[in-house]
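1. based on what follows, work out the 3D shape:
(one chain, ligands or ions: 2)
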Amino acid sequence: MEKNKISIYISRSKENEDLPLPKYATEGSSGMDVVAAEECVLQPGEWKAVGTGLFMEIPSGYECQVRPRSGLALRDGVTVLNAPGTVDSDYRGEVKVILINHGKQPFKISRGDRIAQLVFAKVEKAELHLKEELTATVRGSGGFGSTGK
Ligand SMILES: O=c1ccn([C@H]2C[C@H](O)[C@@H](COP(=O)(O)OP(=O)(O)OP(=O)(O)O)O2)c(=O)[nH]1
Ligand SMILES: [Mg+2]
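-> Numbering: from 1, shown residues only. Ligands and ions are numbered 1, 2, ... in the order given. Purely as a prediction, here's the structure:
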């Protein structure tokens, strides 16, 4: 266990023991690249939840964000449909990556391909309090481009 690092317990089934575990590509990487545990082809416009073969035990107060890899997005138009995907700390099912092909060509995913990155992050919990009148601000209800281009 390293200092300044949270411990995440993971498990995987026997048939996926050959796959590399998610890892940081460089020392300064925010996300661990995660690989596909299955093979598939995404036709243009098609999306699919691609299995990673991984199950996680994330400490309470943390989450895992499933984020796209920019290389796939730029080169192939393939991204994470629900980015950033959320893996809750109490989820014990298989972590999946919902990939969509926005490109013009079919996109082949092979087992072991790095398809997304996992970013572990602290989560703040909030408590809601109903209130009749909210404080006034200069912005008020202006939004969605109200300040110009
Ligand atoms: O990219 C993702 C998003 C979600 N999940 C898993 C873990 C997460 O804890 C669970 C539920 O995800 P989310 O809350 O985003 O989906 P939901 O549609 O609200 O489903 P639920 O009603 O199960 O919470 O699905 C993934 O494996 N990958
Ligand atoms: Mg949910």
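
2. chain neighbours aside, what residue packs nearest to L54?
-> Of all residues not flanking L54 in the chain, V95 sits nearest, at 4.9 Å (C-beta to C-beta, 6 or more residues apart in numbering). No exception for glycine: its C-beta is placed from N, CA and C like everyone else's.

3. where's the one you found relative to D113, distance?
-> V95 is 15 Å from D113, where distance means C-beta to C-beta, to the nearest Å.

4. cool, and N16?
-> Using C-beta to C-beta, one gets 14 Å for the distance from N16 to D113.

5. G85 too?
-> Distance from G85 to D113, by C-beta to C-beta: 17 Å.

6. go on, T79?
-> T79 is 14 Å from D113, by C-beta to C-beta.

7. between these two, which has more neighbouring residues?
-> Higher neighbour count among T79 and D113: T79, with 22 against 13, using other C-beta atoms under 10 Å.

8. didn't the more buried one look like it was pressed against A73?
-> Yes - counting by C-beta atoms under 8 Å, a contact exists between T79 and A73, whose distance comes to 4.7 Å.

9. helix, strand or coil for S89?
-> coil (DSSP: H, G, I helix; E, B strand; the rest coil).

10. mind checking pLDDT for it?
-> S89 carries a pLDDT value of 98.

11. now swap in E2 and tell me
-> Note for E2: predicted pLDDT of 70.

12. that one: which element?
-> Under DSSP states H and E, no helix or strand contains E2.

13. how far away is it from ligand 1?
-> 25 Å (C-beta to the nearest ligand atom, to the nearest Å).

14. before we move on, what about A73?
-> 16 Å.

15. I appreciate the help and will end here.
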